[in-house]
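only geometry, no sequence info:
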């Protein structure tokens, strides 16, 4: 059985270049959409009783804020100061729960 070559007027090279251009255009847009959807989901969902802040989560968020604040040579913008204040309020809440829990544990 023999196959005949069909000339479509398109070369493989031009098709691969076109596909690469489409990929280079679409990939960053897809990443931005995924990040935006993730951020909206994270910030719009409230923490319920089973998803309360933890010391580990607070440690990571406070370390991230500290790194951002230390990397700049200027006063922190208002939104970073507000984020730090929010994390400190969350820390007070977590430490309050820890003190409450520690009070319920019998002494050895």
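Structure's in. What do you need? A quick note: this is a predicted structure, and the numbers were derived from the prediction, not measured.

With residue 70 as the reference, measure out to the nearest residue to residue 69 once chain neighbours are set aside.
Using Cβ to Cβ, 6 or more residues apart in numbering and skipping residues adjacent in sequence, the residue nearest residue 69 is residue 76, 5.4 Å away. Using the backbone N, CA and C atoms, a C-beta is placed for each residue, glycine as well. In this view, residue 76 and residue 70 are 10 Å apart by Cβ to Cβ, to the nearest Å.

next one: residue 53
Taken as Cβ to Cβ, the span from residue 53 to residue 70 is 23 Å.

Check residue 24 too.
35 Å.

cool, and residue 98?
27 Å.

Please identify which of the two sits among more neighbours.
residue 98 (11 against 8; other Cβ atoms under 10 Å).

For that one, which residues are in contact?
With contacts defined as Cβ atoms under 8 Å, 6 or more residues apart in numbering, residue 98 is in contact with residue 55.

burial measure for residue 80, as a count.
Residue 80: 14 neighbours (other Cβ under 10 Å).
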